[in-house]
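Chemist: everything below, folded, please.
(3 chains)
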Amino acid sequence: MSGNPQYTLAELAERFGLEAHGDPATSVDGVGTLATATPNQFTFLSNPKYTSQLADSQAGIVVLNADALPLRRGAALVAKDPYVAYAKIAALFERHADAPHGIHVSAVVAPSARVHPTASVGPCCVIEDGAVIEEGVVLGPHCAIGPGCVVGANSRLVGRVTLVIRVTLGKRVLIHPGAVIGADGFGIAFDRDRWVKLPQLGGVRIGDDCEIGANTTIDRGALEDTVLEEDVRLDNQIQIAHNVHIGAHTAMAGCSAVAGSAKIGRYCLIGGNAGILGHLELADRVTITAKSLVTASIREPGEYSSGSPLQENRLWRRNAARMKHLDEYARRLAALEKDKGQ
Amino acid sequence: MSGNPQYTLAELAERFGLEAHGDPATSVDGVGTLATATPNQFTFLSNPKYTSQLADSQAGIVVLNADALPLRRGAALVAKDPYVAYAKIAALFERHADAPHGIHVSAVVAPSARVHPTASVGPCCVIEDGAVIEEGVVLGPHCAIGPGCVVGANSRLVGRVTLVIRVTLGKRVLIHPGAVIGADGFGIAFDRDRWVKLPQLGGVRIGDDCEIGANTTIDRGALEDTVLEEDVRLDNQIQIAHNVHIGAHTAMAGCSAVAGSAKIGRYCLIGGNAGILGHLELADRVTITAKSLVTASIREPGEYSSGSPLQENRLWRRNAARMKHLDEYARRLAALEKDKGQ
Amino acid sequence: MSGNPQYTLAELAERFGLEAHGDPATSVDGVGTLATATPNQFTFLSNPKYTSQLADSQAGIVVLNADALPLRRGAALVAKDPYVAYAKIAALFERHADAPHGIHVSAVVAPSARVHPTASVGPCCVIEDGAVIEEGVVLGPHCAIGPGCVVGANSRLVGRVTLVIRVTLGKRVLIHPGAVIGADGFGIAFDRDRWVKLPQLGGVRIGDDCEIGANTTIDRGALEDTVLEEDVRLDNQIQIAHNVHIGAHTAMAGCSAVAGSAKIGRYCLIGGNAGILGHLELADRVTITAKSLVTASIREPGEYSSGSPLQENRLWRRNAARMKHLDEYARRLAALEKDKGQ
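Modeler: Numbers count the residues shown, from 1 in each chain, chains lettered A, B, ... in the order given. Below you'll find the model as predicted:
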């Protein structure tokens, strides 16, 4: 981390509107954890379970909330939400290699594509007919931008991202390697004895500030578009089927999946490996816990779950065998109660 | 959609053997939904829940079944299965950019590979020793065709598809980006204190007319081949382990998985994120609902499920805690019944 | 398989320290199953359910345990663990095309990267600033090695593997196509009405002899590194979140996932599509069965499960509906018992 930029306590306080305590000239040039940060590093305390580490932390500057301040001996910044403040400050220490402007000699760009002169097109990228790469875009190695696709200003496709066809990305979209946006939706109809494929004539529209994880897939719509509104955050290996609509600021954890034409509200939180069946609607501010399956629309905000608890296999086997007879048990229970009542 | 081909009601009726109603000269050059289609677009009514939109639809032509015909004011085509008829007609309006014949200058083709002159090999493709690319094949950008692999006539690998080794594709196979076919099966043996790898000496055989979704993986066999019979349809992010055998016309939804050496019948339907354990057999015409886990062979056609229902987290927690004691409850219930009987 | 190396019974017995029975000159040049192997092929008997095939097997040599020996008519090798012995012997018949030393003309290698002269860099690979490729490494087509990443000696990246940034691989690491190592961890903080991204400043360290499956993703750490110790074996489509630590010799089956900062012990076995929530700890030698969800730390070795059993959908529906009322049933059961006691 040597050669990093340096920031003083005073500078950070002013830049992020935080209250400073301690020597204003204290300076940091990197980030660490409470336990590992050195005197020239910056860290944060957000989760109360780490409060015990605060007194001994060697970190040069700690961002924390007012309650924790008395326990801190060195320089500190007080924030209402130390985690958010940390996120913003730590971004100062993230260094992307400056992508060179222009098109790498090994990239293949169709004559009808438009690449802004401030954009960077990496090695072995392929940009097809009529695609548009706007200002400040960075395409890492092995990206493929299909016919007519648009990559909005200052978006970054880290590498090996495929936009198949009729995909439009907003501004500042970040996509990680292996993601496939705009592949055919899974539309098939059964014709007597075999499958007939439904052409997938729609596209995909991704709003500003969305992030899309590694190896995540977002299919294009059958007739209308698959849509992610602004600031949607998708982790790795998520599957978004055709004609799904995801509201702004919704975040989905890894390996979750949404089936065709489902509509997810705004500010929803979808847990890891959760599933949402097709054609359902989820209201705004719905939370689904990990590995749950949503089989009906959800009209009210709140937290929802399915699944059974983990046990030692020996015990779980016994209980699971009983699950097959719950209906019978409930009837027998009711019969006993009826008998008693008589 | 301008510049699209135009079709009249009379032409469509004849071409697809459907009964026409209305002005035979009514023409369409694109596709929309019942709600959005314009007078020069074609649409369909299949799901009864949209019947209420029929009377007001501005679509130039609607394909529907005989029951719905009286509600339609404009031109219509009557089909026994309007969804299948729609699939076939809509395909007329799907335009793939004509792939140029021949090998892109940036592709790397081994001297011993055979590429048919009518095939199209896209930018940055890599074709290794002894691979065969048959007539009419289209390889989009970034495909890698490993040693000795065969891509059957008129197959299309949309882009960034990897066939690792000993993979044979039938005719008209369609594979979406990110799919990996023929990687090592996951075969390891525990030798005292560490793992020993089992060499994966088999291959993969994919039948005619199969479709394989984005980022789906199909491993090659350990000794014999992993096999998909004809017309198998796999959605995105599906995992097919080594030596699996999938019968013709089976369709699997996104994120489902089949463990090693399982044998799935013909005309099966596997729901999203469903799992099938290794070495099991599923009969023909078995349906597995989403997120279910199959832990024993299934000998009879039918629909099968596992899982627990979604509830508000607060309620779910209470019920889930009880699942850990089902065996005990069942015993206590039986004890009460016995007492009563005495 | 013609042109393969040939091995005699005597050679194999000596090389692997096994007891030989039958004509020491019996020779084999390939591998088959008990049912299919020909007299010039080698096979094994490990699973007792195949014992009935032994007497009729045409295989030239069978490796088996002492108990099965009397049933074998031809040449045999006796091993304590025939499966492990098979794995080692079969490896003799696996032929990787010899990768040519050096850098393919279509690869793009930054001037500051170091590629050992015995390494093989395949077509369309991209190696960025400061990356190090050690001796004997093979990079198949379309690999991208990000800035400063290190690929340890004799590792093999089969093709289309992306190491994003700050990734270090040990020796003899094997990675299958589509894997993405070192993408951003999924770290976001909610700031009043929208998400703020947390920079992911850590890396990924992968130990010697690890294997990583096709389309598996391993994110880099937020502050410290994501770590796989030696001999960890990951199947396809696994998701490893940031700051996860996986102990040596642990094996995970396809589509399983581990959330951020979880710590998995040594010699664990994680079943297919199992999930482990964030910040948990699993002791050494913990087995999790397929599709289970781990929601609390596990301190004791053993086998653990969650989930409900598969049934015909008609029956499952009735029982699943009852799961929503388990808490009520348990109370009613207790009430009946109390009544009886009075």
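
Chemist: each with direction, which strands does the helix or strand hosting A:Ala20 pair with?
Modeler: Assigned by DSSP states H and E, A:Ala20 falls within strand A:19-21. Sheet pairing of strand A:19-21 (DSSP bridges) gives strand A:75-78 (antiparallel).

Chemist: tell me how far the partner strand lies from the chain's centre.
Modeler: Relative to the chain's own centre, strand A:75-78 is displaced by 30 Å; criterion: CA atoms, centre = their mean, to the nearest Å.

Chemist: how about residues contacting it?
Modeler: Strand A:75-78 is contacted from outside by A:9, A:12-13, A:16, A:18-23, A:26, A:60-66, A:69, A:85, A:89, using CB atoms under 8 Å, 6 or more residues apart in numbering or on different chains. (Glycine included, C-beta is placed from N, CA and C.)

Chemist: rewinding a little: who touches the strand holding A:Ala20?
Modeler: A:Leu9, A:Ala10, A:Leu12, A:Ala13, A:Leu69, A:Arg72, A:Ala75, A:Ala76, A:Leu77, A:Val78.

Chemist: ok but the third one is inside a helix, no?
Modeler: This points to A:Leu12. Yes: the assignment for A:Leu12 (DSSP: H, G, I helix; E, B strand; the rest coil) places it in a helix.

Chemist: residues touching it, list them.
Modeler: A:Leu18, A:Ala20, A:Phe42, A:Ile61, A:Leu77, A:Ile89.

Chemist: before we move on, what about A:Ala222?
Modeler: Residues near A:Ala222 by CB under 8 Å, 6+ apart: A:Gly185, A:Gly187, A:Leu198, A:Pro199, A:Gln200, A:Leu201, A:Gly202, A:His242, A:Asn243, A:Gly260.

Chemist: residues near the fifth one, how many?
Modeler: Using other CB atoms under 10 Å in any protein chain shown, the number of residues around A:Gln200 comes to 25.

Chemist: do the one 3 residues further on as well
Modeler: Under the neighbour criterion other CB under 10 Å, A:Gly203 is assigned a count of 21.

Chemist: from what I see, it and A:Leu163 are in contact.
Modeler: No: using CB atoms under 8 Å, A:Gly203 is not in contact with A:Leu163; the gap is 9.9 Å.

Chemist: what's the overlap in contacts for those two?
Modeler: Joint contacts of A:Gly203 and A:Leu163 (CB under 8 Å, 6+ apart) are A:Gly182.

Chemist: up against chain B, what does the stretch 51-200 of chain A have?
Modeler: Within the stretch 51-200 of chain A, the positions near chain B by CB under 8 Å from any CB of the partner chain are A:106, A:108, A:124, A:126, A:128-129, A:142, A:144, A:146-147, A:160, A:162, A:164, A:178, A:180, A:183-184, A:186-191, A:193-200.

Chemist: 7 Å instead, please
Modeler: Residues of the stretch 51-200 of chain A lying near chain B by CB under 7 Å from any CB of the partner chain: A:108, A:124, A:126, A:129, A:142, A:144, A:147, A:162, A:164, A:178, A:180, A:183-184, A:186, A:188-189, A:191, A:194-199.

Chemist: buried subset of the residues you listed?
Modeler: A:108, A:124, A:126, A:142, A:144, A:147, A:162, A:164, A:178, A:180, A:183-184, A:186, A:188-189, A:195-199 (16 or more other CB atoms under 10 Å in any protein chain shown).

Chemist: among the residues you listed, which are in strands?
Modeler: Mapping those onto strands (DSSP state E) picks out A:Val108, A:Val126, A:Ala144, A:Thr162, A:Val180, A:Ala183, A:Ile188, A:Ala189, A:Trp195, A:Val196, A:Lys197.

Chemist: need the max-distance pair from the residues you listed.
Modeler: A:Val108 and A:Ala189 (36.4 Å; CB to CB).

Chemist: so how far is chain B from A:Glu224?
Modeler: 7 Å (CB to the nearest CB, to the nearest Å).

Chemist: what residues are up against that residue?
Modeler: A:Gly202, A:Asn243, B:Thr33 (CB atoms under 7 Å, 6 or more residues apart in numbering or on different chains).

Chemist: most neighbours, which of those residues?
Modeler: Going by other CB under 10 Å, A:Asn243 tops the contacts of A:Glu224 with 25 neighbours.

Chemist: pretty sure that residue is touching A:Ala262, no?
Modeler: No: A:Asn243 lies out of contact with A:Ala262 (CB atoms under 7 Å); the separation is 8.4 Å.

Chemist: joint contacts of those two?
Modeler: The contact sets of A:Asn243 and A:Ala262 do not overlap (CB under 7 Å, 6+ apart).

Chemist: ok, A:Ala37 - how many residues close by?
Modeler: 22.

Chemist: and it, what does it touch?
Modeler: By CB under 7 Å, 6+ apart, the contact set of A:Ala37 is A:Thr43, A:Ser57, A:Gln58, A:Ala59.

Chemist: try A:Leu64
Modeler: A:Phe44, A:Leu45, A:Arg72, A:Ala76, A:Val78, A:Pro82.

Chemist: can I get the residues you listed in JSON lines including distance to B:Leu280 and neighbour count?
Modeler: JSON lines is the format used below for the contacts of A:Leu64 (distance: CB to CB, whole Å; neighbours: other CB atoms under 10 Å in any protein chain shown):
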{"residue": "A:Phe44", "distance to B:Leu280": "50", "neighbour count": "26"}
{"residue": "A:Leu45", "distance to B:Leu280": "51", "neighbour count": "25"}
{"residue": "A:Arg72", "distance to B:Leu280": "59", "neighbour count": "19"}
{"residue": "A:Ala76", "distance to B:Leu280": "59", "neighbour count": "25"}
{"residue": "A:Val78", "distance to B:Leu280": "59", "neighbour count": "20"}
{"residue": "A:Pro82", "distance to B:Leu280": "51", "neighbour count": "24"}
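
Chemist: let me know the closest of the residues you listed to chain B.
Modeler: The shortest approach to chain B among those belongs to A:Pro82, at 27.0 Å (CB to the nearest CB).

Chemist: how about the nearest residue to A:Leu9, chain neighbours excluded?
Modeler: Nearest residue to A:Leu9, sequence neighbours excluded (CB to CB, 6 or more residues apart in numbering or on different chains): A:Thr26, at 4.5 Å.

Chemist: same question for A:Ile218.
Modeler: A:Ile218 sits nearest to A:Ile240 (CB to CB, 6+ apart), 4.3 Å away.

Chemist: now do A:Ala99
Modeler: A:Ser120 (3.6 Å).

Chemist: please report phi then psi for that neighbour.
Modeler: phi -120, psi 120 (degrees, to the nearest 10).

Chemist: A:Pro199 now?
Modeler: Backbone dihedrals for A:Pro199, given as degrees, to the nearest 10, come out at phi -60, psi 140.

Chemist: which ones are touching it?
Modeler: B:Ala90, B:Ala91, B:Phe93, B:Glu94.

Chemist: out of these, which touch chain A?
Modeler: For chain A, the contacts drawn from the contacts of A:Pro199 by CB under 7 Å from any CB are B:Ala90, B:Ala91, B:Phe93, B:Glu94.

Chemist: if I read this right, the first one contacts B:Val31, doesn't it?
Modeler: Yes: in this structure, B:Ala90 sits in contact with B:Val31. The criterion is CB under 7 Å, and the distance is 5.1 Å.

Chemist: what do these two both touch?
Modeler: A:Leu201.

Chemist: which one's more surrounded, those two?
Modeler: It is B:Val31, of B:Ala90 and B:Val31, that has more neighbours when counted by other CB under 10 Å, with 26 against 23.

Chemist: contact partners for that one?
Modeler: For B:Val31, the contacting residues are A:Leu201, A:Leu223, B:Gln41, B:Phe42, B:Thr43, B:Ala90, B:Phe93, by CB under 7 Å, 6+ apart.
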